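**Student:** sequence and predicted model, in that order:
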Amino acid sequence: MATTQADAAPAGGTFRELLGHGRFATSFVLAGGVALHATNLFLTTSLLPTAIGEIGGERLYAWSSTVFMITSVIASMFVSRLVAGRGPRQAYLIAIMPFLLGTVVAALSPTMVVMLVGRAVQGVGGGLLAGLGYAVVQAAYPERLWAKATALISAMWGFGTLAGPAIGGAFAQFGAWRLAFWLLAVLGVAIAVIVPRALPRTAQAEVAEPVPFLSLIVLAVAASLISVASVLTNLALVAVTIAVALVVIAWFVRRERTSAVRVLPASTYSASSPLKWMYLSIGILAIGTVSEAFAPLFGQRLAGLEPLVAGFLGAAVSVGWSVTMLFSSNATRPATLRRMRIGGPAILAAGLIVAGVFQQHDAGPWLVVVWFVALAVAGAGIGIAFPHQLVAVMGSTKDPVEAGKASAGINTVELIGLSFGSALGGLLVNLGAPSMQRSAQFLLFGLAAIAVIGVFAARRTDPVR
């Protein structure tokens, strides 16, 4: 029976080893880069309402996240090329530069248009930083630490979900929203100072592969179509728009299979490789996190929660998967890993279903507790499966070049999942309007249905025997 590195997992290392002398600086840089990106992503959710009160541009409000995500996805295409051609050290320094530049532009922006320019430039740096966090793991650590390292890096998304709104909200409350961006810039400089002593310089070779700009544009168009559908009121137009989006996605997949220039590695489309199912599983887990973006809205409208309390409700999913991920990464037995990869999406679906069942108007404190626990359970499902899907991707091939591309593709798949999940979430909430209870149930049940698909995808992630 054939096996791969994902099956024959070595004895796991420890977090003490990962964060010990000689590796602490490396772990700080890899985790810190993702933390910067994640914090920045959630920062604007709490400070942007205050910012537009000063600089205007309320009609462009939603574009703050849109331009950030689009440039992040595009930038993620350069991760494997950057690491191979420049080495981990220079790759990180190159990635931090646009992040710092975009952050300064956002901090100084006199109008919303300038703010969007800053957010777009930030997205370039953020997309690179998030992708490098995963792509450099193989070069920076021995294989026994891969699961621990990916768990630590992935946990930074949970950190960002808590820190972003907290930092943005605190500065916005005192009318000093620009200082939140300056704080991010200072943290970015601190990481840049540590990079030279934390990461290796070695580069493999210059990589001159063309970037699949056309495919990326097609993906952006598909996500935009779903976003447009979320604001339409005519159901016939919604159906037509979604149908067109599905056609565009189908065309993207067809092009990916036949083109020499792809968004994802060539092995993704090989019949003998389980990589496509691994990526699909990761994308579905990422979509499941979209529930946290809408939970504060439901908490305020259905339970009358104060914004700060509602924000903690929104963090329930991240708390669940961040905490669980740190423990689930200890598993090493192949049979256990397979059960966790399959069981994770099932637990995610169960948590979302329970949260949906108990949504109702004028909810009391005990129902809010039920919502929080159910959403935390949903997050735990993500934490159980996520680190092991990442390690499975890293071990999906013995070709080091292809393995590097596969690892870099993790961030791309996550960003694509988040982009489409956000657009789909808006559509589901809109379909339930004007009833907020129905909107909440449409969203949670819809995401649960997608998570169930993730169970079947996870069953296909074992190598072909």
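**Tutor:** Yep, that arrived.

**Student:** sticking with R339, tell me its helix or strand.
**Tutor:** Assigned by DSSP states H and E, R339 falls within helix 334-357.

**Student:** for M69, grab phi and psi.
**Tutor:** Taking degrees, to the nearest 10, you get phi -70, psi -40 for the backbone angles of M69.

**Student:** I figured it hits F420, correct?
**Tutor:** No - in this structure, M69 is not within contact of F420 by C-beta atoms under 8 Å, at 10.0 Å. No exception for glycine: its C-beta is placed from N, CA and C like everyone else's.

**Student:** now for the two: what residues contact both?
**Tutor:** A223 (C-beta atoms under 8 Å, 6 or more residues apart in numbering).

**Student:** show me the shaky parts of the stretch 251-400 of the chain.
**Tutor:** Across the stretch 251-400 of the chain, the ranges flagged by pLDDT under 70 are 307-308, 311, 400.

**Student:** for it, which segments count as strands?
**Tutor:** With strands called from DSSP state E, counting those that start in this stretch, the stretch 251-400 of the chain shows none.

**Student:** would you map the helices across it?
**Tutor:** Taking DSSP state H, counting those that start in this stretch as the criterion, the stretch 251-400 of the chain carries its helices at 275-288, 291-303, 307-314, 316-328, 334-357, 365-394, 400-432.

**Student:** list the buried ones in the last one?
**Tutor:** Put plainly, it is helix 400-432. By neighbour count on 16 or more other C-beta atoms under 10 Å, the buried set for helix 400-432 is 402-432.

**Student:** what's the first helix or strand after it?
**Tutor:** Downstream of helix 400-432, the first helix or strand assigned by DSSP H and E is helix 436-459.

**Student:** packing partners of that next one?
**Tutor:** If contacts are counted by 3 or more C-beta pairs under 8 Å, 6 or more residues apart in numbering; DSSP states H and E, helix 436-459 sits against helix 275-288, helix 291-303, helix 334-357, helix 365-394, helix 400-432.

**Student:** now render the ones you listed as JSON lines, adding distance to G133.
**Tutor:** Output for these, formatted as JSON lines (distance: least, C-beta to C-beta, whole Å):
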{"stretch": "helix 275-288", "distance to G133": "14"}
{"stretch": "helix 291-303", "distance to G133": "20"}
{"stretch": "helix 334-357", "distance to G133": "21"}
{"stretch": "helix 365-394", "distance to G133": "11"}
{"stretch": "helix 400-432", "distance to G133": "8"}
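
**Student:** go through these and name the closest to T150.
**Tutor:** Of all the helices and strands packed on helix 436-459, helix 365-394 sits nearest to T150, with 4.4 Å by C-beta to C-beta.

**Student:** chain center to the helix or strand T150 falls within, what's the gap?
**Tutor:** Using DSSP H and E, T150 maps to helix 146-173. The chain centre lies 11 Å from the centre of helix 146-173; the measure is C-alpha atoms, centre = their mean, to the nearest Å.

**Student:** state the pLDDT value of the most centrally placed residue in the chain.
**Tutor:** The residue lying closest to the centre of the chain (C-alpha atoms, centre = their mean) is E414, at 4.5 Å. On pLDDT, E414 comes in at 80.

**Student:** go on, G12?
**Tutor:** pLDDT recorded at G12 is 56.

**Student:** please shift the residue numbers so they start at 31 in all later answers.
**Tutor:** Yes, from this point I'll number from 31; that puts the last item at G42.

**Student:** for I480, see how far away V248 is.
**Tutor:** 21 Å (C-beta to C-beta, to the nearest Å).

**Student:** hang on, I meant A340
**Tutor:** 24 Å.

**Student:** between the two, who's got more neighbours?
**Tutor:** The neighbour comparison of A340 against I480 (other C-beta atoms under 10 Å) goes to I480, with 22 against 19.

**Student:** which residues are in contact with the more buried one?
**Tutor:** So I480 contacts I314, I317, G318 (C-beta under 8 Å, 6+ apart).

**Student:** distance check, the spatially closest residue to the first one that is not a sequence neighbour against F402.
**Tutor:** Beyond its immediate neighbours in the sequence, the residue positioned closest to I314 (C-beta to C-beta, 6 or more residues apart in numbering) is G484, lying 3.6 Å away. When C-beta to C-beta is the yardstick, G484 and F402 sit 23 Å from each other.

**Student:** what about those two, which has more around it?
**Tutor:** Between G484 and F402, counting by other C-beta under 10 Å, G484 is the more crowded of the two (29 against 21).

**Student:** was I right about that one contacting L378?
**Tutor:** Yes - the pair G484 and L378 passes the contact test of C-beta under 8 Å, sitting 7.2 Å apart.

**Student:** return every residue with contacts to both of these two.
**Tutor:** Going by C-beta under 8 Å, 6+ apart, residues that sit against G484 and also against L378 are L315, G318.
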